[in-house]
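Engineer: Requesting a structural model of the entry that follows:
(chains A and B)
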Amino acid sequence: MASKLGRLFSSISTLSAPKLSLSNSKSYPLAWSVSDSASRLICSATQQPQPLNENTNKQQADETTKNDIQKESEDDHQEEEEDEDDDDFVNKATGEVGGPRGPEPTRFGDWERNGRCSDF
Amino acid sequence: MTTCIPAGSGNLHYSSALSKGHGCRKTSWVSGIALKRSTQKELSWSCSVSKFLRFQRCNFSQSPFGDNQKPLRTVTSSCLRDGSTKYFDFAVIGSGVAGLRYALEVAKHGTVAVITKDEPHESNTNYAQGGVSAVLCPSDSVESHMHDTIVAGAYLCDEETVRVVCTEGPDRIRELIAMGASFDHGEDGNLHLAREGGHSHHRIVHAADMTGREIERALLEAVVNDPNISVFEHHFAVDLLTCQDGSDTVCLGFDTLNTETLEVIRIISKVTLLASGGAGHMYPTTTNPPVATGDGMAMAHRAQAVISNMEFVQFHPTALADEGLPTKPAKSRENAFLITEAVRGDGGILYNLGMERFMPSYDDRAELAPRDVVARSIDDQLKKRNEKYALLDISHKPREKILSHFPNIAAECLQYGLDITRQPIPVVPAAHYMCGGVRAGLQGETNVQGLYVAGEVACTGLHGANRLASNSLLEALVFARRAVQPSIDHMKSSKHDPSASNWWARPVVPLVLASDAMNKVEKMTREVRKELQSIMWEYVGIVRSTTRLEFAEQKIGELEGKWEDYLFQHGWEPTMVGLEACEMRNLFCCAKLVISSALARHESRGLHYTIDFPHLEESKRLPTVIFPCSSVKSTWSSRQLSRQPL
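Structural biologist: The predicted model follows:
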């Protein structure tokens, strides 16, 4: 497989930089050499997230305050567009709260929402 | 081990340094423009750079200029001119996650300036929508995260760096949560962890699909509320201010240009953190916002900092190609719209403009081949056929499915007259992330004393030859934090010299230029930028060759000369600054660094693929390192403003 790589691109070297020619060479079965990059993983299983051990009193107090504030803003939020992600939306498959609706963003390895990729 | 880097000299010596670390022990050395290969000595990544850092005070009684420098005749006149100087303990260039995280920490120990060239939220961080990776699940492990990182990095990562980042990541996330960043959680109240390509476990923490923005929001709020931190918006950093302490280069601050008032502000700081992000705008299509012009990498290189691994530029294979849309967008898109792999996963087919399906001839997996294979294949087709974009066709799938899975793409394309349920989508690869940058040790230190780096501008050894998804925000968080203590120590052993501000000529705004000369200069600069981007895409793209790289080197050298001549012919002076001109000189600098690095790597690894050396070579599994060297023919773009010949 590795040697095919050289052949595949040998036609590029004839496109010597100063004069780029339009090379309409027929493609022939060649393959890239195996790269070391990780192959794409398809996210299938839903894994239960495990506890994040964070239980100092201060943090609990902070979280309570935060929850109160969050609740207030949630009440305001309910009035807004229905097609936006609801803070109370629970993803049945993953148990995620407030996450993106629709198919799992990472199901093809990259991070996608509605077709637009934002991380990979 | 000691390292001597005399400024202005091309000779660099490393005394013996045998370390028994794993991973990359040797470096392949590229000295400046000459591209000579020095004798390789064994040194570990962290060992070499950490030894550069010495907690000595710079001897301020010494002249800041080397022996071979002429005293600048404008120094006296600059003093008389009214220029503003501000003094800080710490100064940060860049307001992304790395800069802000660091600022919040050091602010507990002294005064901090955060300089940002646009609005504070304008940074690559804000556009990082996926997530941040960390080991937060008991069934996950640091070893697993390390392994995934090293595999993705094509084994060019520095193992110690990877260990440090994967180990400290979880604590950095917890701190963010404590600071108010709100991440998605499950019904049981625990963090929801997603799993992205390349990761063997679920470990991506995210906030819906705007993680970067959420982190940026939380940090910015804290920064704004911190009385010790002063944020300078719309301040463009021009050049670092350095002096020599024996053989060491010391950074004492930097000059900035307030792009709104056109005033030059000199910042004298005991410690400087460079957190200026990426350089996507070296290329015509990029996901990066317009601020990403490689300013930090260029400034650091001009200041004699060591640069590493610039050849590893990450591209995404399928960004929406505006030139293929029936109706062209009125304004050129600032950052690319990436088409998800899910389109290919759902059966999308790639064609060239001759409507030939080309993927099967490159890989048996065709459109489902790994992303980098697809990127190379598309690039190859475009170069071979001299075409501007390829076509991704999903129109053979049911209309309802297309619209329900990809409403974002459908809507975007429809705006410009394209119906993706009936026509193929024009796509072209987009530059996304710089794996290389200013070489950093484990504490974010550089070979320039008092200068630290964190985030995309740095090359820490984490990413190696290719970045693992969601590791970039993590790297920024970890290194920003690690740079804190050494910064504090350095700050405490430093003292401001009140006369320091006068040691360097001040940059000046081109007020003396007639307005039509200024217009001509600006217009020419815009054209030259487009031409640079075109050369980079054409000759320093995804599939490279020695011939094309050398051609690019030559063309860019000529373009730089032509541009600088034009400027000076129209009255521009070497110490003049303007946003477009300064960004242009930084882009030239970075482009040359990428090309030199790419030419130096005689193998293909990770993101760097060259047809002249198409295979991995174990003996070449080394970082590419560029040392500064003075050259007789140095250009305006390659010298600090304060060291321009007059």
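Engineer: hey, let's count contacts and neighbours off CA atoms from now on
Structural biologist: Fine.
Engineer: In which helix or strand does B:Lys86 reside?
Structural biologist: For B:Lys86, the element it lies in under DSSP states H and E is strand B:84-93.
Engineer: meant to ask about B:His147, not that
Structural biologist: Assigned by DSSP H and E, B:His147 falls in helix B:142-152.
Engineer: What is that helix packed up against?
Structural biologist: helix B:159-178 (3 or more CA pairs under 8 Å, 6 or more residues apart in numbering or on different chains; DSSP states H and E).
Engineer: Buried residues, the helix it packs on. List them.
Structural biologist: B:159-170, B:172-174, B:176 (16 or more other CA atoms under 10 Å in any protein chain shown).
Engineer: swap in stretch B:177-185?
Structural biologist: Buried-residue list, stretch B:177-185, by 16+ other CA under 10 Å: B:Gly180, B:Ala181, B:Ser182, B:Phe183, B:Asp184, B:His185.
Engineer: The buried residues of helix B:159-178: which ones sit near chain A?
Structural biologist: Among the buried residues of helix B:159-178, not one lies near chain A by CA under 8 Å from any CA of the partner chain.
Engineer: just these now: which is nearest chain A?
Structural biologist: B:Arg174 (8.3 Å; CA to the nearest CA).
Engineer: Any figure for the gap between that closest one and B:Leu252?
Structural biologist: Using CA to CA, to the nearest Å, B:Arg174 is found at 34 Å from B:Leu252.
Engineer: interface residues of the stretch 51-200 of chain B facing chain A?
Structural biologist: Proximity of the stretch 51-200 of chain B to chain A is confined to B:127-131, B:136-138, B:148, B:151-154, B:178, B:184-187, B:190-199 under the rule CA under 8 Å from any CA.
Engineer: Please list the members of the residues you listed that lie in strands.
Structural biologist: Among those, DSSP state E puts B:His185, B:Gly186, B:Leu193, B:Ala194 in strands.
Engineer: rewinding a little: name the nearest of the buried residues of stretch B:177-185 relative to B:Ser470.
Structural biologist: Distances from B:Ser470 to the buried residues of stretch B:177-185, taken as CA to CA, are shortest for B:Phe183 (14.4 Å).
Engineer: is it true that the closest one touches B:Met210?
Structural biologist: No. Counting by CA atoms under 8 Å, B:Phe183 sits too far from B:Met210 to count as a contact (9.7 Å).
Engineer: got a winner among the ones in strands among the residues of the stretch 51-200 of chain B next to chain A for most neighbours?
Structural biologist: Among those, B:Leu193 has the most neighbours (other CA atoms under 10 Å in any protein chain shown), with 30 neighbours.
Engineer: check contacts around the residue most central in space within chain B.
Structural biologist: Of all residues in chain B, the one closest to the mean position by CA atoms, centre = their mean is B:Gly278, 2.7 Å from it. Shown in contact with B:Gly278 (CA atoms under 8 Å, 6 or more residues apart in numbering or on different chains): B:Asn124, B:Asn288, B:Ala292, B:Thr293, B:Gly294, B:Tyr433, B:Met434, B:Glu456, B:Val457.
Engineer: go again using 10 Å as the cut-off
Structural biologist: By CA atoms under 10 Å, 6 or more residues apart in numbering or on different chains, the contact list for B:Gly278 reads B:123-124, B:288-289, B:291-297, B:432-437, B:455-458.
Engineer: separation between the residue lying closest to B:Arg467 once chain neighbours are set aside and B:Val373?
Structural biologist: In space, and not counting its chain neighbours, B:Arg467 is closest to B:Gly153: 6.0 Å by CA to CA, 6 or more residues apart in numbering or on different chains. Separation of B:Gly153 from B:Val373 (CA to CA): 15 Å.
Engineer: related to what we said a few turns ago, pick out whichever of the ones in strands among the residues of the stretch 51-200 of chain B next to chain A sits closest to chain A.
Structural biologist: The nearest one, if we look at these relative to chain A and count by CA to the nearest CA, is B:Gly186, at 4.0 Å.
Engineer: Can you check the pLDDT for that closest one?
Structural biologist: If you check B:Gly186, the pLDDT there is 84.
Engineer: Okay, and the beta partners of it?
Structural biologist: Applying DSSP bridges to B:Gly186 gives these bridge partners: A:Glu96.
Engineer: What distance do you get for it to B:Ser470?
Structural biologist: 20 Å.
Engineer: which intervals of the chain have sub-threshold pLDDT?
Structural biologist: Picked chain A for this. Chain A contains residues with pLDDT under 70 at A:1-88.
Engineer: The intended chain is chain B.
Structural biologist: B:1-83, B:126-130, B:208-209, B:630-633, B:645-646.
Engineer: care to break it down by domain?
Structural biologist: Per the record, chain B has its domains at B:316-429, B:515-625, by the TED database.
Engineer: could I get the ones you listed as JSON lines with distance to B:His490 and mean neighbour count?
Structural biologist: Below are the domains of chain B laid out as JSON lines (distance: least, CA to CA, whole Å; neighbours: other CA atoms under 10 Å in any protein chain shown):
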{"stretch": "domain B:316-429", "distance to B:His490": "38", "mean neighbour count": "19"}
{"stretch": "domain B:515-625", "distance to B:His490": "26", "mean neighbour count": "20"}
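Engineer: closest one to B:His463 among those domains?
Structural biologist: domain B:515-625 (10.1 Å).
Engineer: How far does the closest one sit from its chain's centre?
Structural biologist: Between the centre of domain B:515-625 and the centre of its chain there are 14 Å (CA atoms, centre = their mean, to the nearest Å).
Engineer: what about that domain, near chain A?
Structural biologist: Yes. Using CA under 10 Å from any CA of the partner chain, domain B:515-625 reaches chain A at B:538-539, B:543-552, B:555, B:604-607, B:609-616.
Engineer: on that earlier part again, so what sits against both of B:Phe183 and B:Met210?
Structural biologist: B:Gly131.
Engineer: Export the helix or strand containing B:Ala411 to CSV, keeping only CA atoms.
Structural biologist: In the assignment (DSSP H and E), B:Ala411 maps to helix B:407-415. The C-alpha atoms that make up helix B:407-415 are tabulated as CSV, following Å, rounded to 0.1, in the frame of the first residue of the first chain:
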residue,chain,number,x,y,z
PRO,B,407,-31.0,21.9,8.6
ASN,B,408,-28.1,24.2,9.2
ILE,B,409,-26.4,23.3,6.0
ALA,B,410,-29.7,23.4,4.1
ALA,B,411,-30.6,26.8,5.4
GLU,B,412,-27.1,28.3,4.8
CYS,B,413,-26.9,27.0,1.2
LEU,B,414,-30.5,28.0,0.4
GLN,B,415,-29.6,31.6,1.3
